[in-house]
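Q: Build me a structure from this.
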Amino acid sequence: GIFARFRYDKLMYLAWKSFLPMSLNYLFFFIGVKLVILSLLF
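A: Down below sits the predicted model:
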């Protein structure tokens, strides 16, 4: 029904709200480490 759909949307919203910043932080961290390694090598 409508209630289950609302709960599912809320769950997806919470998942995105927590997953997206985490994955972005991981991506920036990975790029940063790569840049540091490259700058140390050359």
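Q: what about the residue nearest to the spatial centre of the chain, which helix or strand?
A: The centroid of the chain falls nearest to residue 23 when counting by CA atoms, centre = their mean (2.3 Å). Taking DSSP states H and E as the definition, residue 23 sits inside helix 2-41.
Q: What are the buried residues along stretch 14-22?
A: For stretch 14-22, the neighbour count (16 or more other CB atoms under 10 Å) marks no residue as buried. Quick note: C-beta positions are derived from backbone N, CA and C, even for glycine.
Q: rewinding a little: distance of the residue nearest to the centre of the chain relative to residue 6?
A: 26 Å (CB to CB, to the nearest Å).
Q: How many residues are close by residue 34?
A: The number of residues packed near residue 34 is 10, by other CB atoms under 10 Å.
Q: per-residue confidence for it?
A: For residue 34, the model assigns a pLDDT of 96.
Q: How about residue 1?
A: pLDDT, read off for residue 1, is 64.
Q: now do the one 10 residues further on
A: The predicted local confidence for residue 11 comes out at a pLDDT of 88.
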